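*Asks:* here is my input; please provide its structure:
(chains A and B)
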Amino acid sequence: MSTTKWRSAVAGSHVSTLALSIALGLFAAQPGHAEEVTLTVALAANPQMETAAKLIDNFYAKYPDIKVKFQTLPENQLRPTVLKDVATKSAQFDVVMIGAYEVPLWAEKGWITNLSKEYVAKDTEWKADDLLTPIRDLVSFKGDMYATPFYGSSSFMFYRKDLFDKAGLTMPEQPTWDQVAEFAAKLDDDANNVSGICLRGIPGWGQSLAPLTTVINTFGGRWFDENWQPQLSSEKSKAAINFYVNLLKEHGQPDAAKDGWQECLQLFTQGKTAMWYDDTVFAGPVIDQANDEVKGNVGFALAPIKEKPGSGWLWAWGLSIPTTSKHQDAAWKLVSWLTSEEYIKLAGEKAGWGTVPPGSRTSTYKLAEYEAATKDYADLTLKSINSANPLKPTIDPVPYTGVQYVTIPEFEQIGDFTSQQLAGAISGQMSADDAIAASEEKIKEIMEDAGYIK
Amino acid sequence: MTSTSLSSGTRTQTRSNIAKGWWDRLPLLPALILVLLVTQLPFVITLYYSLQRWNLVSTNAPRFVWFRNFINAAGDAVFLKAIANTAIITFSIVIASILIGGLLAAGLNREFRGRTIARTLAITPFFIMPVAAALFWKTGVYDPTFGILGWITDDIGIGRINWISQYPKLTIIILTTWQWSAFSLLILLAGMQSFPTEVAEAAQVDGAGRFYTFRRLMLPHLRPFIELTGLLVAMYVLENFAAIAILTNGGPAYATTNLSYYVYLEAFSAFDLGRASAFGMISLALAMALTIPMLRVVSGIFKEGGRA
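*Replies:* Take a look at the predicted model:
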């Protein structure tokens, strides 16, 4: 290629680039679409949210000026992605879906908008009074709401009615953990590969620690005392942890240290376990996915207790508006629509009543169609949610809130370490007491490092 | 290109040659800048982060702490455990996949009916996405209730074994070896097929036995291929992540946490970007300490004419 040809080629490309950039500039500056707003929304990839994405045309019909771009992420990727965005103020998202654990922490840091002050009071059509009180508390910080609850859930017991009948046992509506241990021993059936109970054992603060912490709470234990001194090795917490580990080792599913709720859901629906203690939100999926032997034989009972009544956990996925969003008003329109009575009805009619986001509004439980579709578990779900108290989760006083977690930023780290040790105990690599001792030492180190204890 | 060899040429001419050389290379410059931007810039940023105390969720603002993160790493029992785990897991996988890949290659190097199908099947594991493979192995193979292994061990009378709880490292090693021995098979088979037939025939005429031929002729011929396989497998397996994240979440009690998984935990569970960056830097240093000597060994292959 000769030099002149090369030069002219370069010049030509310069000219065309210039033309292109001018064209783009003109396009962007074009008036007429100035009022249209595009919201970027970060969502967890779960069936309820996928339904929301499908029904968005109904939102466009109501607000033609707003366009919505969904970014769907798996739950465990959603958290780091959204956290990075709000913590570094990248302002990539206008609406984010966050868990109950994050709401008060992020509110305190000023990362998310105070919805009570800005919108809830003015928007009477949204009916904040209709929200379930514990769920409302859960997405609030100092009495103000910082997220709208998309769905809420608690924990309860799933069990196999046919296996209970065959063994001549009856599950009371409110079982105790001692009874459950007794049932598990009787129903454990090695010959047919059916375990007495299925409980989460895989490490992760949102995995095995959630059910374990509810056991600690009802046994009268706690994570910390009023001065943030770790209390896992206190008598009652220790008894609870030993109980959980031993129940799982003796009558739980085999290879439990690798199982999360996903595996338990599979074991229960395939008839390989007689009981399962987990989230109320799985009631719908359990009935959907159960094989023929299990379908029609699924029973439900409240979370088992020991000393403290009302021991179910409390969780909600909320929709928040990062303070960095430039379209706050439009974002509120979307957030309020997705959590409105109107939306719940729409989702029920268009996508089926079993997939309606549960546990957020009292009115949901008064819809005749919803009641008919969920009669086996709707009452117990509502009862479980209403008896959980995130503001006072334990018998002895604690300086933290949250039922199955501790609402401090360090809890993810603490929980991940502790659940690793717990898995070590469940798999038999160490004793439960050693696991507790190792965890407590690490917790102390983290809490000292973070300045809670001197 | 002969003009430069005329050293008696004037200075200006040399300079213009240099200028021409740069002018010729100019089109490569954007690519070079891009490569530097995407590879070296993140490295420098990570180095900068590693000297900070910066926790995304903490209420304290980031501050400069010099080498505190690196010093703390030495006292972190889990970090030391992660180094040991990485060494054990990587070493076992490299050895096992060369052995198994080599045996498969030796089998496939012979003529038999259905060889093409057998070869395709043997290579397949390498082309399955690591996450999909791990999910399948978790529920389809290792699970004592639903898995093939549980069923087999029950049938032969040793009961159902809790593979992942009892032998966590072994399960990760088996799964990853399954994938990477297919890769070793590819390279080693190519090596075996390049073995000159005249030599094999000559050995046969001289009365050398099968084992002797393999030991004295094939193995020396395969040496560079084995070294290359070892290097490549080690480089990829060092950052093994999918199998660990799916099978065990690094547990129980960090028994399967390797360096990359621990960096991930520090960054995305503790959100401690300073420590995570420091751990990342240490991992990088260890990986380089391991691979650079191996690269030196292997680089002989790329030289013209190979090794003497």
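
*Asks:* for A:Leu267, what is the enclosing helix or strand?
*Replies:* helix A:261-269 (DSSP states H and E).

*Asks:* buried residues in that helix, which are they?
*Replies:* For helix A:261-269, the neighbour count (16 or more other Cβ atoms under 10 Å in any protein chain shown) marks A:261, A:263-269 as buried. From N, CA and C alone the C-beta is placed, and that goes for glycine too.

*Asks:* same for that helix, what does it pack against?
*Replies:* Using 3 or more Cβ pairs under 8 Å, 6 or more residues apart in numbering or on different chains; DSSP states H and E, the elements in contact with helix A:261-269 are strand A:275-279, helix A:283-289.

*Asks:* helices of the stretch 251-400 of chain A, start to end?
*Replies:* Taking DSSP state H, counting those that start in this stretch as the criterion, the stretch 251-400 of chain A carries its helices at A:261-269, A:283-289, A:328-338, A:341-351, A:368-373, A:378-387.

*Asks:* make TSV from those and add mean pLDDT to it.
*Replies:* Supplementary listing: these in TSV, determined by pLDDT from 0 to 100:
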stretch	mean pLDDT
helix A:261-269	92
helix A:283-289	87
helix A:328-338	93
helix A:341-351	90
helix A:368-373	89
helix A:378-387	92
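
*Asks:* tell me who's in contact with B:Ala243.
*Replies:* B:130, B:133-134, B:172, B:175-176 (Cβ atoms under 8 Å, 6 or more residues apart in numbering or on different chains).

*Asks:* please apply the same query to A:Leu55.
*Replies:* A:343, A:346-347, A:350-351.

*Asks:* can you tell me which of those residues are buried?
*Replies:* Using 16+ other Cβ under 10 Å as the burial test, the contacts of A:Leu55 include A:343, A:346-347, A:351 as buried.

*Asks:* near chain B, which residues of the stretch 301-450 of chain A? Just list them.
*Replies:* A:409-410, A:412-413, A:416-417, A:419-421, A:423-430, A:435, A:450 (Cβ under 8 Å from any Cβ of the partner chain).

*Asks:* mind redoing it with 10 Å?
*Replies:* When proximity is defined as Cβ under 10 Å from any Cβ of the partner chain, the stretch 301-450 of chain A approaches chain B at A:408-417, A:419-430, A:434-435, A:438, A:441-442, A:445-446, A:449-450.

*Asks:* emit the ChimeraX select command for whichever of these are buried.
*Replies:* To isolate the buried members of those in ChimeraX, using 16+ other Cβ under 10 Å:
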select /A:408,409,410,411,412,413,414,415,416,417,419,420,421,422,423,424,425,426,427,429,430,435,438,442,446,450
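
*Asks:* what number of residues lie near the residue lying closest to A:Ser384 once chain neighbours are set aside?
*Replies:* Closest residue to A:Ser384 apart from its sequence neighbours, by Cβ to Cβ, 6 or more residues apart in numbering or on different chains: A:Ser154 at 3.6 Å. If you count neighbours by other Cβ atoms under 10 Å in any protein chain shown, A:Ser154 ends up with 30.

*Asks:* report pLDDT for A:Ser154.
*Replies:* For A:Ser154, the pLDDT comes out at 94.

*Asks:* check A:Ala34 too.
*Replies:* A:Ala34 carries a pLDDT value of 48.

*Asks:* again with the one 4 residues further on
*Replies:* In the predicted model, A:Thr38 carries a pLDDT score of 92.

*Asks:* look up how far A:Ile112 lies from it.
*Replies:* The gap separating A:Thr38 from A:Ile112 is 20 Å, by Cβ to Cβ, to the nearest Å.

*Asks:* the two: which is more packed in?
*Replies:* Counted by other Cβ under 10 Å, A:Thr38 and A:Ile112 do not tie: A:Ile112 has more neighbours, with 25 against 11.

*Asks:* for the more buried one, which non-adjacent residue is closest in space?
*Replies:* Of all residues not flanking A:Ile112 in the chain, A:Ser320 sits nearest, at 4.3 Å (Cβ to Cβ, 6+ apart).

*Asks:* swap in A:Thr324?
*Replies:* Spatial nearest neighbour of A:Thr324, excluding adjacent residues (Cβ to Cβ, 6+ apart): A:Ala91 at 3.8 Å.

*Asks:* I figured A:Lys236 hits A:Ile216, correct?
*Replies:* Yes. At 7.8 Å, A:Lys236 counts as touching A:Ile216 under the criterion of Cβ atoms under 10 Å.

*Asks:* what touches both of the two?
*Replies:* Common neighbours of A:Lys236 and A:Ile216 (criterion: Cβ atoms under 10 Å, 6 or more residues apart in numbering or on different chains): A:222, A:306, A:394.

*Asks:* which one of those residues is nearest B:Leu149?
*Replies:* Among these, A:Lys306 lies closest to B:Leu149 (Cβ to Cβ), at 37.3 Å.

*Asks:* what about that closest one, how many residues close to it?
*Replies:* Around A:Lys306 sit 20 other residues, with neighbours defined as other Cβ under 10 Å.

*Asks:* got the residues of the stretch 201-308 of chain B near chain A?
*Replies:* Contacts of the stretch 201-308 of chain B with chain A, taken as Cβ under 10 Å from any Cβ, map to B:245-255, B:257, B:264-273.

*Asks:* sketch out the low-pLDDT regions of chain B for me.
*Replies:* Chain B contains residues with pLDDT under 70 at B:1-13, B:301-308.

*Asks:* which residue packs closest to the residue in the stretch 201-308 of chain B that chain A sits nearest to, ignoring adjacent ones?
*Replies:* Closest approach of the stretch 201-308 of chain B to chain A (Cβ to the nearest Cβ) occurs at B:Ala253, with a separation of 2.8 Å. In space, and not counting its chain neighbours, B:Ala253 is closest to A:Gly424: 2.8 Å by Cβ to Cβ, 6+ apart.

*Asks:* just after the helix or strand encompassing the one you found, pick out the following helix or strand.
*Replies:* Taking DSSP H and E as the definition, A:Gly424 sits inside helix A:411-426. Next along the chain after helix A:411-426, taking DSSP H and E as the criterion, comes helix A:432-449.

*Asks:* between that following helix and helix A:411-426, how many degrees?
*Replies:* Inter-element angle recorded for helix A:432-449 and helix A:411-426: 160 degrees (by axes from the mean of the first three to the mean of the last three Cα atoms, to 10 degrees).

*Asks:* next, see if whichever strand or helix holds A:Met97 gets close to chain B.
*Replies:* In this assignment (DSSP H and E), A:Met97 forms part of strand A:95-99. No. Applying Cβ under 10 Å from any Cβ, one finds strand A:95-99 out of contact with chain B, separated by at least 12.8 Å.

*Asks:* give me the domain ranges for chain B.
*Replies:* Domain assignment of chain B by automatic domain parsing yields the ranges B:3-39, B:68-302.

*Asks:* now the longest one, how far from the centre of its chain.
*Replies:* From the chain centre to the centre of domain B:68-302 is a distance of 8 Å (Cα atoms, centre = their mean, to the nearest Å).

*Asks:* ditto for the shortest one
*Replies:* For domain B:3-39, the distance between its averaged C-alpha position and the chain's averaged C-alpha position is 36 Å (Cα atoms, centre = their mean).

*Asks:* assign a three-state SS to B:Asn60, would you?
*Replies:* For B:Asn60, the secondary-structure state derived from DSSP: H, G, I helix; E, B strand; the rest coil is coil.

*Asks:* what helices and strands are in contact with the helix or strand where B:Glu227 lies?
*Replies:* Using DSSP H and E, B:Glu227 sits in helix B:219-237. The contact analysis (3 or more Cβ pairs under 10 Å, 6 or more residues apart in numbering or on different chains; DSSP states H and E) places helix B:219-237 against helix B:77-108, helix B:168-193, helix B:273-302.

*Asks:* from the contact counts, what lies against the last one?
*Replies:* Helix B:273-302 makes packing contacts with helix B:29-50, strand B:52-53, helix B:68-75, helix B:77-108, helix B:219-237, helix B:259-268 when contacts are defined by 3+ Cβ pairs under 10 Å, 6+ apart.

*Asks:* how about the second one?
*Replies:* If you count contacts as 3+ Cβ pairs under 10 Å, 6+ apart, helix B:168-193 packs onto helix B:77-108, helix B:115-123, helix B:130-136, helix B:163-166, helix B:219-237, helix B:242-247.
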